[in-house]
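Q: Prediction below, plus the sequence it came from.
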Amino acid sequence: KTERLAAILAQTPVIPVLTFDDAKSAVATSKALRDGGLTVLEVTLRTPQALEALQAIVNEVEGVTVGAGTVLEPEHVEKAVRSGASFLISPGSSPRLIASGSEAPVPFMPGVATVTEAMKLWEKGATFAKFFPAGPAGGPEYLKSLVAPLPNVHFVPTGGVSLANAPAYLKLKNVVAVGGSWVAPAELIERGDWAGIEALAREAAALKAR
Ligand code: 3PG
């Protein structure tokens, strides 16, 4: 599963972090992101319609790899897998969640914000983690400091990442991709501005991961 996760993360410099209130706009947003060049999508389990939205994308949008985000508890793991998620991402790494996430049939990427949390995952054999909330937790400078002591842990910084600061993260040796909601802002989704979302995706897709 680690190789599968590595392959998914290698597909893209930016993973859109998406929050949907209905399946229809989820499908349209995902098509716009794909057309702009972003093909790995994280649908957060933050709304009552999230699983329905995830399933609709899986069924109706070709050419994207869609996972579930904001996975907080074992029940989320089960439901997301049943809805067709290809991967699972959590903002944190509680022991209960790690246990159920590592047994899931799809790759699970936990979240960390400190050195000790990253070490705990590394002890369990994890080599990829979400770094969250990236900006408040220390930004690119913090992550850069982890390269020497933890050269084998790779991060997906998310939280406060933008088109402007993404390059500072993406140039780091231990960053494989960044995540962010900036490519699909709620206002554009509400307005149905799919061309606007596609344009944001295009700019993000042109960023280079190392
Ligand atoms: C997440 O769950 O990853 C964050 O809410 C995304 O953070 P952002 O909105 O600052 O991009």
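A: Cool, got the structure.

Q: so where is this structure shaky, pLDDT-wise?
A: 210 (pLDDT under 70).

Q: ranges for the strands of it?
A: All strands of the chain, identified by DSSP state E, fall at 14-18, 40-44, 65-69, 88-89, 108-109, 111-112, 128-131, 154-157, 178-180.

Q: okay if I get the ones you listed as CSV plus mean neighbour count?
A: For glycine as for every other residue, the C-beta is placed from the backbone atoms N, C-alpha and C. What follows is those, written out as CSV (neighbours: other Cβ atoms under 10 Å):
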stretch, mean neighbour count
strand 14-18, 27
strand 40-44, 25
strand 65-69, 24
strand 88-89, 28
strand 108-109, 26
strand 111-112, 26
strand 128-131, 26
strand 154-157, 26
strand 178-180, 25
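
Q: Output those strands in a markdown table, with distance to Lys79 appended to each entry.
A: Listed next are the strands of the chain as a markdown table, based on distance: least, Cβ to Cβ, whole Å:
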| stretch | distance to Lys79 |
| --- | --- |
| strand 14-18 | 17 |
| strand 40-44 | 12 |
| strand 65-69 | 8 |
| strand 88-89 | 10 |
| strand 108-109 | 14 |
| strand 111-112 | 19 |
| strand 128-131 | 19 |
| strand 154-157 | 22 |
| strand 178-180 | 21 |
